[in-house]
Every structure is written in structure tokens, then in C-alpha cells.
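*Asks:* based on what follows, work out the 3D shape:
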Amino acid sequence: MQSHYDAELKDTVRYLGTVLGETIKAELGQEWLDRIETIRKDGRSSYQGDSACSEELKEIFTDLSDADLLTVGRAFAQFLTLGNIAEQEYNSAMSVDASMDTLFTHLDKAQLSTENVQKAVSKLNIDLVLTAHPTEVTRRTLIHKQKELAQCLQDIHQESLDPLERRRIETRIADLISQSWHTEEIRSVRPTPVDEARWGFSVIENSLWEAVPDFLRELDERLKQDYNVGLPLDASPVQFSSWMGGDRDGNPFVTAELTEQVLLLARKRAAKLFASDLDRLQVELSMFDCSQALRDAVGEDNEPYRALLRPLVQRCGATRDGIADYLAGKKVDQSNWVQSNEELLAPLMMCYESLVECGMSVTANGLLLDTIRRVRCFGVHLLRLDIRQDSERHADVFSEITRYLGLGDYAQWSEADKQAFLLRELSSKRPLFPAVWDASDDVNEVLATCKTIAQHSEEGFGIYIISMASEASDVLAVQLLLKEAGVDWPMPVAPLFETLDDLNNSPAVMQNLLSIDWYRGYTKGRQYVMIGYSDSAKDAGALAAGWAQYESQEALVKVAGDFNTTLTLFHGRGGTIGRGGLPAHAAIHSQPPGSLDGGFRVTEQGETIRYKFGMPKLAKRSLGIYASAIIEAMLFPPPEPKPEWRDLITKMAAAGRDNYRQTVRHDKDFVPYFRVATPEQELGKLPLGSRPSKRKPSGGIESLRAIPWIFAWAQTRLVLPSWLGVMRAIDAVKAESDPVIVEEMFANWPFYRSRLSMLDMVFQKSDPRISKAYDERLVPEELKHFGEALREELSESINSLLSLTGQESIMDKDPLGKESMNIRAGYLQPLHYLQIELLDRIRKAGDEAHNSVLERAMMVTIAGIAIGMRNTG
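*Replies:* Next up is the predicted model:
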């Protein structure tokens, strides 16, 4: 199977590469195609260790003009894009049932009772939070072409194709590749938050709308078949939330006005999709027989189902068109708009119950059930919008109002005084803020955001997240802001613990918060807490951050249990290892016991959304992986770490933190080296997401967001944040410890094993030779020692990991993952050498490089390498 996988995938990649070559030849001639082919062959040989070919690549690029470098960059970036599409299509063609097959095999072996399985399924709650701002480097117009291309690959691999049909598909593939080649692949301007939100809506419309009911149908059928347990009609085990248009932390472009626009656009898209579904339903439900309840609702109509559904179709259309008019500045009548999920569910459930009662269950459980499940999953708001803001911005509001009212400066008060003030105001019946008040623009923006929440339905929102939360007053402050704005429903407020210190202090903060009687009454036994992976890893290194995240989650579960509160942990993971990214199954199984009881909420960011959910089959497969991993983890929870395991990992984490910080924080050469050895400064010019690359424009490396921090190191293949200091810490502690305990920890503790498997993936993506090539050309002599020391540690770390895991080479235990990277490696190699040449030219040109062909070529290489590495930040 594996060799077949390799051969088929390689054949497809080769075929697409040939078509792209013909496209380039048609525009630029045979000479250019020959040049590209020479560079490709040199790249492959260079990757395999031929230093002469590496030198030849350098010479070729040195001799090319700026415009020619751009052409080469575009060619290889597009080769890599086509390789990814081929792999994506192949993965989607693999059995989408595999994850559920594994789950049910485990359930069968364990001989679990129906009651236990039913209990686990009833707790299944997957909330996937779409965030587009970090790293999606591909334009939406190209994503559409790539989706079309993937469908063509799916069609062409069907064995029953006749020659004429095959030729038609081949022509369409050539057409799409030509369109892509002649389309500007880099955005000329940054996307706005509205652009990002529309991109998220498109993922739902083009993929998830079909995938979710298909997945739920399959899960339901398997449960009925094996355990005689079905999914209840009111179950919503999968939900989607979004940060696009709601996340204003450090993003000045996300305003209250923009948030309202995104909320309305989401409703408009949902109304469009439901109008289509309901129209199809009313066409199909032409039957006369119905229940008495339905007959009472519609009278003696010969087509009772149509009579009930027809007005719904009209109301969805009125909502869709009315929102378009409203956003265009026209006066509209909102009285006929669909306002709530119940307005759709009530008539749909009446149809369902009537069909079942009249012996038409097969019809009830077809398109109608799919529509009911879409209402429960997506609702009339399409997804739930989270709001995120920095705790400092909330504190500034109260500093201004307390100074205005002559009460002193809130910012200077003790935590006890802040809590006393906030609780007093939360219990007060009079408003705190005067009707007329000369507040600053920043304060007015925070207040306007809360008013926007008050003016829209509870069903349109997820939770309110407070970045850089460190005290209970941070949460109470938001509760008071929402109350003052007129929010009359208990919006969940989640502190986000991001730095190492905040993670370590989080149990004490939540203990303090949940000890407040008023607060427990407000939350009604449900609390959300967000765990930050990116910033904690940037702060303390991968191992220390990972252990702090584990310990804080474990302690938070206990605190919530002590107060009889259901805790939902919200995991702010990125797609890369340095930002907490792990394959879903490994990530879920490495959680502390009990941490999934309140549901599983996780961010899906940027390009990983497309790789996991970009096509219906891929999305269904990804949902299956999540569901099976969560059900398994609930039924077969990982062991609690033994005291001796805790002792070892605590020592390893502390040593790892010290190693990491010694380099990143305390070595005077680190920042100068980082600035010249990576394209960090050039990254700021790439129009990726809508957010600025730094939280504070004047800040140094500490204010750099985790995303460009990871992105910059990935470009040079040193992938430093993901491994720095880790293996040296593990080796040092291991050398002083009982080898039996170390072996036992590796064999029996998923958390520890997952740390090592993460490193396995990281090391497969690293390439010290590429990093050295950047240094040789770009780093001044006095800093070169720094890169050499880092590469020496990388080499040591790889050897240590192989020794510990018993592998002969990296990713031996994941041959498909290894082959996936190897297929792209030959195309990546030229892009790295090309980027080095461009960086040298851009830095020598200074301001003259701005908005030039050089800068555009640079953007192409950055995007191309990100695509080839299959992650950005």
C-alpha cells in the first residue's frame, strides 16, 4: 500500500509539473523551460547532498536579472502548490472512514456497555474556532482555482473514464494551471478583517455545509449499528466559531462598526444557504399525509409540508436581500427577517415528526434531517463570533471613568480594591457611565464594541476572550462593561493565560474568581478558560511551555470540580509545533485526564483550515479524527503521571526554559543574528493577515507576534523555536535519573511521548545546510559563530532523539509523513537559494527596493517556502 501511495502521488506530482512546464513554455519559450528544468534537477541533487549542485544554483541566481529571479520564484512556488494539491486530493481519496474504524475497533475490544458509549457520545462537543488572520498566504481567487483542480484530479483517477472524458479533464487541468500561472499570486494589499471573514464563510459554504451532516450521518449509523445508540435529534456535537471580525487584540482595523458588518454578512450568507436548502425541501416534500399538529398549523392544504416551508423560504430570501440593502445604506423593514434558530427549527421539527408518524421515516431522515443538523451546527448566524481584547484596554476604560468621577485611578488600585469596586457596580441598579462623557477614542471603541454585542442576538456570539489576563478583576471588568452596555444574557468571559507566569498562576486566579458568589451565580456552573500556546512557547521554549500548559490544565480541572463548575478549556494552538500544533489525535490524547469533560474547543488557523477542511471529503475525515480521538480519550483516558514522572519532567522543563532563555533573552548576539539571518524584517512587508506583525509598533523582539517569530525561522529551515534547549535539557536530566523510570515514562505517558514525536516532525523540516547557506551570504563575520553553535545543537538534538526513540533516521515511524516532505524538498531547495540572493540584493538596495520587482520576488519566495513547508506560523 505504501509503495502504491508513493508511486501514485509521485506520478500525479510529475504530471502536474509537466503541465505547468508546458504553460511556462507557451509564454516564455523552450529556453526558459530548459532553465527551470536545470534548476529543478540541481535542487533535487542539492537536497540529496551534492554541494556542487548547490554552488551551481548560487551561480545561476547571481547571474539572473531581478525580473528573471521573479519568474523562477513563481515557477517553483507553483510547483509546490501543485504538489500540495496532489497530496491533498490523494488524502481525501483515502478512506474517510479510517478514523472511525479505529475508534469502533477499540470500543469493540474494550467490550464497553451501551450506557458507557452513550454517555461519552452525549458529552461529545467539538467547537472549532476559525481564525484566518495569521498565515493564509494564498489569495481567495487562487484557492477557488485550486479547489477546481483538486476536483479534476479526483475525477481523472476514476478507473471507468473513457478516453474522451479523460481528454476533457486533462484540458480543464491545463486550463486551470494556465489561469493560475497568469494570475498575480501575491496580494497587492493586506486583506481586511472583512475579507478574512468572507474567506471563512466560503469554507463553510463550499465544504463544511456538506461535510458536517455527512459526518454526523455516518457517526449516527455506526453507533446504531454497533451499539443501538443514535445521535439525539437535538445533538450538536460539532460547532463552528470564528475570530474573523471579532479579534481586536492588537488589530486597530477591527472596530465595533466592522464587527457589526461581519455579523450581518454571516447572517446574509446563512440566509442564502438555508433558502437554498428549504427551497429544495419544499420541492421534495410534496406528500399529502401529515400529522394532526401539522394539519392544525396549515389548514386543509393538499400539500401541508410545502405550505409550512414556503413562507420560510421567502423569509430567508427577505433576510438575505434585506441585509444586502441595509449594508448598502438603504432603509429596510426587518420584520420579516429570520431572527433565531428556533424560527427554523420549529417548523422543520414539525415536518420531521409528522413524516415519522405517517410512516415516512426514510424521508424524514434524508435531506430534512441534514437541514435540521445544519441549523443546530451553523444556525441563522452561520457561526458564533468570539470577541477578543487585551486586558489593558478594559483597565484603561475604568482608569478614565474613575478619574472622571473623582474616585482616583483604577490602574493604581490593589487587586482587592478593584474587585470590591467592580462587584459593587455589578450589583448596582444605576449606570456607572454618564450619558455625556468626554472619553478617549480608545475607550469609546471598547464601549462601542460592548454596545454592538448588546444590539445583536446571543446566538450570534461565542465567548469574550481577555488576552494577557492575570487577575480575577480582568474578568469582572468585562462583565461590568457588558452589563453597562445592556447585554442582558450571560455572555461567557474567558481569561486567556498566555505567558509562562500567567499559566502557572492561572489556578490561583480561577480559585479567586470562582470563590465570588456573584460570579458563580452569573456563570451558572459553566466556565471557559483559554490556554495560550504561541506566546508561552515564545516566552519559555517548547518543553517548559508544554509542561506549564499541562499542569495548569490539570489544576484548572480540579479547581472547577471543587466549585461544581463545568470547565471548557479553549486551546489556542497554531498549525506549527512552535505554536503548540500537533496532529489532532496526539494533541487530544496528551491532554490531562478530565480535561475533555467540558468539551473540546480549539483554534483552526490560517492555512491549516484549508488543508483540513478545504474540501468536503477532507473535512469529513478531519471531523472523524477529532470525534474518534475525543471519544477514545473520554472512554480510555491517559494515565495520571506518576510522582516520579512529574519530578523528571519538571526538571527537564526547568532546564529547557533556562537553556532557551539563555540564548533568546540573555545572549547579546541573539537579536542581531535573528535580524540578519532570517527574513524577519522583510516578512513585515508581506500582506498576510490584517493584523500588524507587532503588538506595539515600537517594540523589539518581545513584542513580535508568535506568528512572524515562527514564520521567520521556518523560512531558513532552522525552525529554532520548536526545539531550542529541549533535547539538551532531556539528556542532562536523563543522565542523572533511573533509566527504568525514563523508559517507563516514554512507554506509558502520552504527554511525554507526544513532545518527542513533535520534535521528530520538526527535525524532518529542519535543514542545517540551508541555514548555513543563509549565514554564509547574509550574516557578518562577527556573528557567524552564533549560527554555527545553533546548528551544532540542532545536530546533537537530532542524534539524541534518534537514540531515545530507537529510530535509525527521523520520522522512521511515519514513512508517509516523511515521504510527503521528501516529495517537496527538491522544489523547496531552489527557492531557499533564490531567497538568499534576493535578501542580499534587497538589503544592498535599501529604500530603492521598496515596491520593486525584487520585493515582489521576495514575497513569492516567502509564500512558496511556506507552502512547501505546509505551514507558516
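*Asks:* can I get stretch 545-564 as PDB, trimmed to CA atoms?
*Replies:* Extracted C-alpha coordinates of stretch 545-564, given in PDB (Å, rounded to 0.1, in the frame of the first residue of the first chain):
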ATOM      1  CA  ALA A 545       5.600  25.800  27.800                       C
ATOM      2  CA  GLY A 546       4.100  22.300  27.100                       C
ATOM      3  CA  TRP A 547       4.600  21.200  30.800                       C
ATOM      4  CA  ALA A 548       3.200  24.500  32.100                       C
ATOM      5  CA  GLN A 549       0.100  24.100  29.800                       C
ATOM      6  CA  TYR A 550      -0.400  20.500  31.100                       C
ATOM      7  CA  GLU A 551       0.000  21.400  34.800                       C
ATOM      8  CA  SER A 552      -2.300  24.500  34.500                       C
ATOM      9  CA  GLN A 553      -5.000  22.500  32.700                       C
ATOM     10  CA  GLU A 554      -4.800  19.700  35.300                       C
ATOM     11  CA  ALA A 555      -5.000  22.200  38.200                       C
ATOM     12  CA  LEU A 556      -7.900  24.200  36.500                       C
ATOM     13  CA  VAL A 557      -9.900  20.900  36.100                       C
ATOM     14  CA  LYS A 558      -9.500  20.300  39.800                       C
ATOM     15  CA  VAL A 559     -10.500  23.900  40.800                       C
ATOM     16  CA  ALA A 560     -13.600  23.800  38.600                       C
ATOM     17  CA  GLY A 561     -14.500  20.400  40.100                       C
ATOM     18  CA  ASP A 562     -14.200  21.900  43.600                       C
ATOM     19  CA  PHE A 563     -16.800  24.500  42.700                       C
ATOM     20  CA  ASN A 564     -19.000  22.100  40.800                       C
END
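*Asks:* what's in contact with it?
*Replies:* Under the contact criterion CB atoms under 8 Å, 6 or more residues apart in numbering, stretch 545-564 has outside partners 497, 500, 503-504, 506-507, 510-511, 514-515, 520, 525, 527, 529, 531, 533, 536-537, 539-540, 566-567, 569, 580, 590-592, 594-595, 597-598, 649-650, 652-653, 751, 755. Yep, even glycine has a C-beta here, placed from its N, CA and C like the rest.
*Asks:* in helices, which of the residues you listed fall?
*Replies:* 500, 503-504, 506-507, 510-511, 514, 520, 536-537, 539-540, 649-650, 652-653, 751, 755 (DSSP state H).
*Asks:* please check these and keep the buried ones.
*Replies:* The neighbour count (16 or more other CB atoms under 10 Å) marks 500, 503, 506-507, 510-511, 514, 520, 536-537, 539-540, 649, 652-653, 751, 755 as buried among these.
*Asks:* in the helix or strand of the chain with the lowest mean pLDDT, what counts as buried?
*Replies:* Here the helix or strand of the chain ranked lowest by mean pLDDT, DSSP states H and E is helix 98-110, holding a mean of 73. Using 16+ other CB under 10 Å as the test for burial, helix 98-110 gives 99-100, 102-104, 107.
*Asks:* what's it packed up against?
*Replies:* helix 209-227, helix 616-635 (3 or more CB pairs under 8 Å, 6 or more residues apart in numbering; DSSP states H and E).
*Asks:* can you name the element that comes right after it?
*Replies:* Later in the chain than helix 98-110, the nearest helix or strand by DSSP states H and E is helix 114-123.
*Asks:* which elements pack onto that following helix?
*Replies:* helix 209-227, helix 616-635.
*Asks:* just want the angle from the first one to helix 98-110.
*Replies:* Just to be clear, that refers to helix 209-227. If you take axes from the mean of the first three to the mean of the last three CA atoms, to 10 degrees, helix 209-227 sits at 20 degrees to helix 98-110.
*Asks:* list of residues touching helix 209-227?
*Replies:* Contacts for helix 209-227 (CB under 8 Å, 6+ apart): 97, 100, 104, 107-108, 114, 117-118, 121, 229-231, 235, 237-238, 273, 369-370, 373-374, 377-378, 613, 616-617, 619-620, 623-624, 627.
*Asks:* same check on stretch 109-128?
*Replies:* 107, 223, 227-229, 231-232, 235-241, 462, 568, 596-602, 604, 623, 626-627, 630-631, 634-636.
*Asks:* which parts of it are buried?
*Replies:* Buried, per 16+ other CB under 10 Å, within stretch 109-128: 112, 117-118, 120-121, 123-128.
*Asks:* stretch 476-492 too?
*Replies:* 476-485, 487, 491-492.
*Asks:* and if you look at stretch 254-274?
*Replies:* 254-256, 258-274.
*Asks:* make sure Arg373 is indeed in a helix.
*Replies:* Yes: Arg373: assigned to a helix according to DSSP: H, G, I helix; E, B strand; the rest coil.
*Asks:* next one: it from Leu233, what distance?
*Replies:* As for Arg373, its distance to Leu233 is 9 Å (criterion: CB to CB, to the nearest Å).
*Asks:* in contact with Pro593, which residues?
*Replies:* 637-640.
*Asks:* reformat those residues as TSV; add neighbour count, secondary structure and pLDDT.
*Replies:* Formatted as TSV, these follow (neighbours: other CB atoms under 10 Å; DSSP: H, G, I helix; E, B strand; the rest coil; pLDDT from 0 to 100):
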residue	neighbour count	secondary structure	pLDDT
Pro637	17	coil	86
Pro638	19	coil	86
Pro639	11	coil	88
Glu640	13	coil	92
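*Asks:* need the pLDDT of the residue lying closest to Arg373 once chain neighbours are set aside.
*Replies:* Of all residues not flanking Arg373 in the chain, Pro213 sits nearest, at 4.9 Å (CB to CB, 6 or more residues apart in numbering). On the pLDDT scale, Pro213 is placed at 97.
*Asks:* next one: Pro583
*Replies:* 68.
*Asks:* I'd like the average pLDDT over stretch 503-520.
*Replies:* pLDDT averaged over stretch 503-520 gives 96.
*Asks:* residues making contact with it?
*Replies:* For stretch 503-520, using CB under 8 Å, 6+ apart, the contacting residues are 419, 423, 426-427, 469-472, 475-476, 479, 495, 497, 527, 529, 531-532, 536, 545, 548-549, 551-552, 555-556, 558-560, 562-563, 565.
*Asks:* same question, stretch 853-866
*Replies:* So stretch 853-866 is in contact with 66-67, 69-70, 73-74, 76-77, 80, 135, 137-138, 185-186, 607, 679, 682-683, 685-687, 711, 714-715, 828, 831-832, 834-835, 838-839, 841-842, 845, 849, 872, going by CB under 8 Å, 6+ apart.
*Asks:* now the buried members of the residues you listed.
*Replies:* 66, 69-70, 73-74, 76-77, 80, 135, 137-138, 185-186, 607, 679, 682-683, 685-686, 711, 714-715, 828, 831-832, 834-835, 838-839, 841-842, 849, 872.
*Asks:* mind checking which of those land in helices?
*Replies:* Counting by DSSP H, the buried ones among the contacts of stretch 853-866 contribute 66, 69-70, 73-74, 76-77, 80, 607, 682-683, 711, 714-715, 828, 831-832, 834-835, 838-839, 841-842 to helices.
*Asks:* returning to what we had before: which one of the contacts of Pro593 is nearest to Ser795?
*Replies:* Within those, proximity to Ser795 (CB to CB) peaks at Pro638, which comes in at 32.4 Å.
*Asks:* ok, for the closest one, nearest residue in space, not its chain neighbours?
*Replies:* Closest residue to Pro638 apart from its sequence neighbours, by CB to CB, 6+ apart: Pro750 at 4.7 Å.
*Asks:* could you check the pLDDT of that neighbour?
*Replies:* 92.
*Asks:* count of neighbours near it?
*Replies:* Pro750 has 18 neighbouring residues, counting by other CB atoms under 10 Å.
*Asks:* what sits against it?
*Replies:* Residues near Pro750 by CB under 8 Å, 6+ apart: 586, 589-590, 638.
*Asks:* what does Val72 give?
*Replies:* Neighbouring residues of Val72 by CB under 8 Å, 6+ apart: 35-36, 39, 61, 64, 830, 834.
*Asks:* with pLDDT and distance to Leu724 as new columns, can those be given to me in TSV?
*Replies:* TSV is the format used below for the contacts of Val72 (pLDDT from 0 to 100; distance: CB to CB, whole Å):
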residue	pLDDT	distance to Leu724
Arg35	96	39
Ile36	96	36
Ile39	96	33
Phe61	97	30
Leu64	96	35
Pro830	96	28
Leu834	97	27
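*Asks:* alright, that wraps it up for me.
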